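Trainee: From the sequence below, what's the structure:
(2 chains)
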Number of protein chains: 2
Amino acid sequence: MIKNEKITSRDVDFAKWYTDIVKQAHLATYSGVKGCIVFEPYVYAIWENIQKVLDEKFKETGHKNLYMPMFIPESLLKKEGEHVEGFAPEVAWVTHGGNNPLEERLCVRPTSETLFCEYYAKTINSYRDLPKLCNQWCSVVRWEKNTRPFLRTREFLWQEGHTAHETAQEAEEETMRMLNIYKDLFENYMAIPVITGRKTEKEKFAGAEYTLTAEALMYDGVSLQSATSHYFGQKFSKPFDVKFSGRNNELEYVYQTSWGASTRMIGGLIMVHGDDNGLVLPPKIAPTQVVIVTIKNTEEVLAKAHELADELKEEGVRVEIDDSDKSAGYKFAEHEMRGVPVRLEIGPRDLAEDKVTLARRDNHEKSVVTSEEVVPAISKLLDAIQKNMFDTAKKRNESKTYVCKTFEEARETINAHPGFIKAMWCGDEACELKMKELRGMKSRCIPFEEEHLSDTCVVCGKKAKHMVYWGIQY
Amino acid sequence: MIKNEKITSRDVDFAKWYTDIVKQAHLATYSGVKGCIVFEPYVYAIWENIQKVLDEKFKETGHKNLYMPMFIPESLLKKEGEHVEGFAPEVAWVTHGGNNPLEERLCVRPTSETLFCEYYAKTINSYRDLPKLCNQWCSVVRWEKNTRPFLRTREFLWQEGHTAHETAQEAEEETMRMLNIYKDLFENYMAIPVITGRKTEKEKFAGAEYTLTAEALMYDGVSLQSATSHYFGQKFSKPFDVKFSGRNNELEYVYQTSWGASTRMIGGLIMVHGDDNGLVLPPKIAPTQVVIVTIKNTEEVLAKAHELADELKEEGVRVEIDDSDKSAGYKFAEHEMRGVPVRLEIGPRDLAEDKVTLARRDNHEKSVVTSEEVVPAISKLLDAIQKNMFDTAKKRNESKTYVCKTFEEARETINAHPGFIKAMWCGDEACELKMKELRGMKSRCIPFEEEHLSDTCVVCGKKAKHMVYWGIQY
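Mentor: Numbering: from 1, shown residues only, chains lettered A, B, ... in the order given. Here you go, the predicted model:
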C-alpha cells in the first residue's frame, strides 16, 4: 500500500488532509460566494443515499414531506423571542425584488419553525387533525464567519421535521423516536458510533424546552454534533397561536417537536473513516460498492467484466466498470481516493486461470476467488467491511474517551490528546463556561446512560448532578 | 354523481374553480410572502412521483445530480448580456448577511446557467472530461407581479439540467433527447398530450441559440408551456470561458444545453384533468391509486379491507384504507376531491355476498366484482383510466385546435373559443407581435411536424415560412 501523494497525511495536518480529500475526491468546489460550495455529483450521490435511508424511515413512521417557502418575513421570525435571538445575527436578508425595495425585508430561512407554526395555525382545528407529522428536504442559510466544506457552510442541505401533537407525552416520545432514527442511520448505515443524550440548557436549540443530540468523534478526537431532535412543548404554539379543540371541546395549544440532520454528516463521514489514501465509504452509503478495474482491455476481459457486473447488479450491488485506458496503478489510486469499498481486478492472466482479485478499501486486504465465487464473496465482503468500519471507529472512540475527576486532570488530558472527556457536573452554567478555557471545550451532552464517576463536579467540586460528555467541537 | 358544493363549476368560472381545488384538495396554502406558497403534503407527494419518473430517466441517460449554491453574485449574473437582461428585472436581491451589508449584492438564483458555467470552467480540461451531464433539483425565485399557485409563483420547485459537449451535434442531440423525455413524462405518465416544437426567436430563452418546448392545452383552451430544452451552442461558453483541449490539442469552447421542468406542471395536471368534483389524477402519478372506503366498521369489514389492501400492495398498487367514522358520502366526496383513481367500497352487505364495488374517478363508472377478482380487476382498471384520461384530453385538444388562414378568422376564432390556433407565418417579428392584439395570443411553437395550411402569412399575407401554433397562455 503506497500513500497517495496528492493528499497530506492525516497525522501530519488533519485540516489540510480534509481539504485535500474534498478536492481530490471531487466532493466540492468553492463558488464565488464565500462559504457556498458546489456539491459535486459524487458527494451528491452519497447525500441521495443518506436521504433514501432517512426518507424511508420517516415515511414508515407516518411522516409526510412538504415544502415551505424559503423566505420568512422579519415580523414572523421575531414572534418567538429566544428563537430570533439565536438566529437573527446570522441570516441573509433579501431587501429588493427586481428593482423595487420590499416593504418588509425577508430572511432566507435559517430553519423553518416559524413557517411551520404559521402553517399549523391555519390547518389544525381539532384533535382529529393531530398528530401533524411533516418533514421537508431543503437548503438553509446561516451567514457564518468561519466556513469549511460540509462542516460549516453558509448554505447547506438538510431535512427538518416539524410535528404537532395533542399531548406532551406524545411529543416527547416523538422527540426520542426521531433521535433513534438518526442513531440508526449513523451506526447501522454510516458506520459512525454516536453518543446520544440531552444537551445542557446552555447548548440547547434556541427556543426549545430541551434538545436531544447524537455526538460523534472524528479521527482527530474532535467531536461533531451530528443530528438533533428538539422538544418544544408549547413554547412555539403559544406565541404562534397554534391551537386545537381537544377531546373535552376546550381550546388547547399543541405540543411540538423539530429534528434535523444536514450535509454536515458528510463531513463526519469523511473525518471518521477517511485515511491517507482518501475517502473510505461504508458499503451501505457508497454510491459505487464495487468497481471492476480491467487490467488490459482485451475483448475477453471486457466481456467477463460486463458479465460479472451484470451478475452483481442482479444481486442489487451498485457496481461500475472502469475500462479507461489509464494505467492500472492510476485507476487503483483513483478509486481508493473515492473510497469505493471493493475493487475487483481482472486481466488476461486472471482470466486464463478463471480468477479475479478482490481488494478491500477499509483494510487493504486482497483475496483471489474464482469467477463463480465472485457474487457470494462480494456479498460477504460488503457485510464484513460495513462491520469492520463500525468496529474500528468504535474502538478508536473508546481509546479516545477519558474519565476526568478534576479540572487539572481535564486540562492535562485535553492538551495531551483531544477526545471525549467524561466528567461529573454540578449543573451550574458557570462551571460549563469554565470548561471552555480548556481549548474551547463544550458540553456535548448528558448521555442517556450516565455513569457515576465521582460525587463532585469536575470544575467546582460541589455535589455533582450529572455525568457529561465534553469535547472540542467542529 | 352529485356535484361537489365546495367548488365552483369549471364551466362557470374556471379561475375560481382552480383556486377552489387548490384549497379544497389541500394542495397549497398561502404564506406571508406574496407568491410564495406552502406545497402541502398531498401535492408534494405528486411532485415526488413526477420527480421519480424524471430522475430515473435522467440517470438512465447518463446524467448525474449535483447541487449548486442558491446565491449568484451580481457580477457573475451579468456575464452574458441577453441572459441578465432577461432575468435581472425579476430577481430577489440579498444585500445583508447578519447585521452587515454585503460588499456585492447576491441574487437568489432565477436559474443557474451562470453557476454551471463557472463550475464547468473549473472542472473541464480536456475532451476526455466531456460530455458533462448534470442536473439539479432545487427551488428558484422570480419576483413576478401576478402570481397563481403552481402556475406562477415567486419561488417554485424544479429541475434544471445543464450539459457541456464536445460538438454542436452532440449538444443538439441532447437538446432533443431531453425534450423527448419530457414528452414521455407528459403523455405516458401525466396523461397530458403535448405539442412539441421550436420556439420563435422572440419567445426563446434569454441567451439560447434556440429553445424546444412542450406545449399543453388546458380544459379552458388556454395553453401552458410545460417544459423547455435549450440549445446554447457556444453563447455561454465564450463569455464564461468554458474551454477544453480537443482531440487535435487545440483549445475549443464547449457546446451547451439546459432543460427544465417545474411545479408549474402540477398546475397543468389540475387544469387538464380536474372536473367539478375536484382533482382527477392519472394512476401513474397519483400518490394513492386505490382508496378502500369502509361503509361500516365491523370487525369483518375491517379485516377484509386490510386483507385486500395487503394483496394490492403486494402487486405494487399504492393503496390506503379510509376507515374513519365519517359518513360514506362524505368520504366519497373527499377522495373524489383528491382525485384518487379508484375507490373500492366495502360494507357488511357486500361482504355477505363476497363482493365489493369499484368506482372510477375519471368517468364515475361503477362495477361490482368478487373479492377474488379485485386484484386483476384493479390492475386492468388503472390501465384503462390512464389510457382514457389521455384519450379524453387528446380528443378535447383536437376539438379545440383551429386552422386560421386570415387575421380576421383568427380574431373571430379566439374570441369565440380559446384554443390552439394553427396558422402560417412569414417569420417576421412584427407579425408575431400583431397576433398579440388577439387576446394577448403568442406563438407557442413551430411544431416539429409542420403542415402546409396555405402559402401566406396569417397576418401580413406575404409568403409563409412556417406553420405556427398560437395560443393564449398561462
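
Trainee: List the buried residues in the worst-scoring helix or strand of chain A on mean pLDDT.
Mentor: In chain A, the helix or strand scored least confidently by mean pLDDT, DSSP states H and E is helix A:81-87, which has a mean of 85. Neighbour counts over helix A:81-87 (16 or more other C-beta atoms under 10 Å in any protein chain shown) mark A:83, A:84, A:86, A:87 as buried. (C-beta placed from N, C-alpha, C; glycine too.)

Trainee: now those residues in TSV, with distance to residue B:60?
Mentor: Shown next, in TSV, are the buried residues of helix A:81-87 (distance: C-beta to C-beta, whole Å):
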residue	distance to residue B:60
A:83	44
A:84	46
A:86	45
A:87	42
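
Trainee: Of all the residues in stretch A:432-440, which ones are buried?
Mentor: For stretch A:432-440, burial by neighbour count (16+ other C-beta under 10 Å) applies to A:432, A:434, A:435, A:438.

Trainee: Name the spans of chain A whose pLDDT lies under the cut-off.
Mentor: Residue ranges of chain A with pLDDT under 70: A:1-2.

Trainee: any idea where the helices of it begin and end?
Mentor: Along chain A, counting by DSSP state H, helices occupy A:14-24, A:41-60, A:74-77, A:81-87, A:113-123, A:168-188, A:237-240, A:264-273, A:299-314, A:328-337, A:348-352, A:374-399, A:407-416, A:429-435.

Trainee: Please identify the deepest-packed of those helices.
Mentor: helix A:264-273 (a mean of 25; mean count of other C-beta atoms under 10 Å in any protein chain shown).

Trainee: distance between that helix and the chain's centre?
Mentor: Averaging C-alpha positions (C-alpha atoms, centre = their mean, to the nearest Å) puts helix A:264-273 7 Å from its chain's average.

Trainee: can it be found next to chain B?
Mentor: No - if you take C-beta under 8 Å from any C-beta of the partner chain as the test, helix A:264-273 misses chain B, and the best it gets is 11.7 Å.

Trainee: Same check on stretch A:87-106?
Mentor: Yes - using C-beta under 8 Å from any C-beta, stretch A:87-106 reaches chain B at A:88-99, A:106.

Trainee: Residue A:243 contacts residue A:255, doesn't it?
Mentor: No - assessed by C-beta atoms under 8 Å, residue A:243 is found out of contact with residue A:255, at 11.8 Å.

Trainee: what is in contact with these two at once?
Mentor: residue A:237 (C-beta atoms under 8 Å, 6 or more residues apart in numbering or on different chains).

Trainee: Show me which of those two is the more surrounded one.
Mentor: Set residue A:243 next to residue A:255 and count neighbours by other C-beta atoms under 10 Å in any protein chain shown: residue A:255 wins out with 28 against 17.

Trainee: tell me the contacts of that one?
Mentor: A:164, A:165, A:166, A:167, A:168, A:170, A:171, A:232, A:233, A:234, A:237.

Trainee: Now flag whichever of those residues is closest to chain B.
Mentor: Taking C-beta to the nearest C-beta as the measure, chain B sits nearest to residue A:164 out of the contacts of residue A:255, at 13.4 Å.

Trainee: Check the burial of the closest one by counting its neighbours.
Mentor: Counted by other C-beta under 10 Å, the residues lying close to residue A:164 total 30.

Trainee: Same check on residue A:277?
Mentor: When neighbours are defined as other C-beta under 10 Å, residue A:277 has 20 of them.

Trainee: Could you do residue A:70 as well?
Mentor: If you count neighbours by other C-beta under 10 Å, residue A:70 ends up with 26.

Trainee: show me the contacts for the residue nearest to it when sequence neighbours are not counted.
Mentor: The shortest distance from residue A:70 to any non-neighbouring residue, by C-beta to C-beta, 6 or more residues apart in numbering or on different chains, is to residue A:109 (5.4 Å). Listed by C-beta under 8 Å, 6+ apart, the contact partners of residue A:109 are A:68, A:69, A:70, A:71, A:72, A:115, A:138, A:140, A:141.

Trainee: how about a cut-off of 7 Å?
Mentor: Listed by C-beta atoms under 7 Å, 6 or more residues apart in numbering or on different chains, the contact set of residue A:109 reads A:70, A:72, A:140, A:141.

Trainee: Quick check: phi and psi on it?
Mentor: Backbone torsions for residue A:109, taken as degrees, to the nearest 10, come to phi -50, psi 130.

Trainee: separation between it and chain B?
Mentor: Distance, residue A:109 to chain B, using C-beta to the nearest C-beta, to the nearest Å: 11 Å.

Trainee: Could you check how far residue A:434 is from residue B:344?
Mentor: 66 Å (C-beta to C-beta, to the nearest Å).

Trainee: Kindly apply the preceding question to residue A:364 instead.
Mentor: According to C-beta to C-beta, residue A:364 stands 57 Å off from residue B:344.

Trainee: Highest neighbour count among the contacts of residue A:109?
Mentor: Counting neighbours by other C-beta under 10 Å, residue A:72 leads the contacts of residue A:109 with 28 neighbours.

Trainee: which residues touch the residue nearest to that one when sequence neighbours are not counted?
Mentor: Once flanking residues are discounted, residue A:72 sits nearest to residue A:107: 5.1 Å by C-beta to C-beta, 6+ apart. With contacts defined as C-beta under 7 Å, 6+ apart, the neighbours of residue A:107 are A:72, A:74, A:77, A:91, A:92, A:93.

Trainee: The closest residue to the second one other than its chain neighbours: what's it in contact with?
Mentor: The reference is to residue A:74. Spatial nearest neighbour of residue A:74, chain neighbours left out: residue A:105 (5.4 Å); criterion: C-beta to C-beta, 6+ apart. Contacts for residue A:105 (C-beta under 7 Å, 6+ apart) come out as A:74, A:93, A:94, A:95.

Trainee: Spit out the contact partners of the closest residue to residue A:470 other than its chain neighbours.
Mentor: The shortest distance from residue A:470 to any non-neighbouring residue, by C-beta to C-beta, 6+ apart, is to residue A:421 (4.4 Å). By C-beta under 7 Å, 6+ apart, the contact set of residue A:421 is A:402, A:404, A:410, A:413, A:414, A:470, A:471.

Trainee: No more questions from me, cheers.
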